[in-house]
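>>> quick one, what's the 3D model for this:
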Amino acid sequence: MRVIFAGTPDFAATHLQALLDANIEIVAVYTQPDRPAGRGKKLTPSPVKQLASEHNIDVYQPINFKEQTDRDQLAALKPDLMVVVAYGLLLPQSVLDIPTHGCINSHASLLPRWRGAAPIQRAIEAGDLATGVTVMQMEAGLDTGPMIKKAETPIMPSDTGGSLHDRLASIGSQAIVDVVKQFASEATILKEIQDDTLTCYASKLSKDEALIDWHQPADVILRKIKAFNPVPMCFTLLGDSRIRILDAQIYPQNHYSIPGTVLAVNNMGIMIACGKEALVLQSVQIPGKKPMAVTDLLNGKHPFEENYVLASEL
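Below is the predicted model:
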């Protein structure tokens, strides 16, 4: 099997490493062009490119596949199969048709539940009890192809976007290796058509939606805090300062305060009134400081005062 791998972030690099560990021949890697990163905005290769370079695998970085020369270059590699994981490009049918066995994709959702850019975070935010990875045969649509293999995992109360990302990267890596081996053995590949009526769109995360709306119920806010940790990280406004909130817990207290009111600042933590019940902040990051436990924050100078009302709008 001549396999081409297409992917960009850490999630994809974990899959590529698993394929390499399984001694699957990767004849080339496709990834997004280098992007500016860090304070110096230095052009930085993607995690997939870095891994491919370490293994002396040829790397291609087209902006898209609209140019015929890019499609011809791919065809010249004579791929049997293309594995696509978080590549960042919607591949046209003309590209999907190039490999002998087409293109397969590892998507971090139990399809058809969450299609789109942020299925991991949206599953936590929605309160789903379980999620997983689906390996599918790719079509020109967004995550619409027939499903080949699923691997499920529960979403634990302690899970964050970060912890679930890492677990799904591991689960998906094994699933993609299994499916590639199926193709290599020329076994019959069973595929299940997705039910479009069961799908939700997992829209890309934005920094603006990370601002906490204290008018929402405490459980809804807590799910978002966990889903958006570590990126883009939920925050609240205290005057002109953005206070990042990494973790909290629900305090089932009825109150008649304006949502966003600081109800208490004591050894229990910092309690904030929500639209229903309250949240006790557990871990925060104030401007210019590293993330810290609220118990440590309260041992020094801090900006929180009882009865202060935190804004819910920019």
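>>> against L96, how distant is the closest residue to P62 other than its chain neighbours?
Among residues not flanking P62 along the chain, D70 sits closest, at 4.2 Å (C-beta to C-beta, 6 or more residues apart in numbering). C-beta: built from backbone N, CA, C; applies to glycine. Between D70 and L96 the distance is 14 Å, computed by C-beta to C-beta, to the nearest Å.
>>> is the residue nearest to P62 in contact with Q61, as I believe?
No - assessed by C-beta atoms under 8 Å, D70 is found out of contact with Q61, at 10.0 Å.
>>> by mean pLDDT, flag the weakest helix or strand of this protein.
Lowest on mean pLDDT, DSSP states H and E among the helices and strands of the chain sits strand 35-37, with a mean of 89.
>>> which residues of this structure score low on pLDDT?
The chain contains no residues with pLDDT under 70.
>>> now the helices: where do they sit in it?
10-21, 47-54, 68-76, 93-96, 119-126, 161-184, 218-227, 294-297 (DSSP state H).
>>> let's have the ones you listed in CSV, adding distance to T261 and mean neighbour count.
Listed next are those as CSV, based on distance: least, C-beta to C-beta, whole Å; neighbours: other C-beta atoms under 10 Å:
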stretch, distance to T261, mean neighbour count
helix 10-21, 39, 20
helix 47-54, 43, 20
helix 68-76, 56, 14
helix 93-96, 54, 16
helix 119-126, 24, 24
helix 161-184, 28, 20
helix 218-227, 13, 22
helix 294-297, 17, 17
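>>> how much space separates the residue of the chain positioned farthest from its centre from A278?
Here the chain reaches farthest from its C-alpha mean at Y256, the gap being 36.8 Å by C-alpha atoms, centre = their mean. Applying C-beta to C-beta, the value for Y256 to A278 is 12 Å.
>>> ditto for N307
According to C-beta to C-beta, N307 and A278 sit 14 Å apart.
>>> the two - which one has more neighbours?
Neighbour count, other C-beta atoms under 10 Å: between N307 and A278, A278 has more, with 24 against 11.
>>> much appreciated, bye for now.
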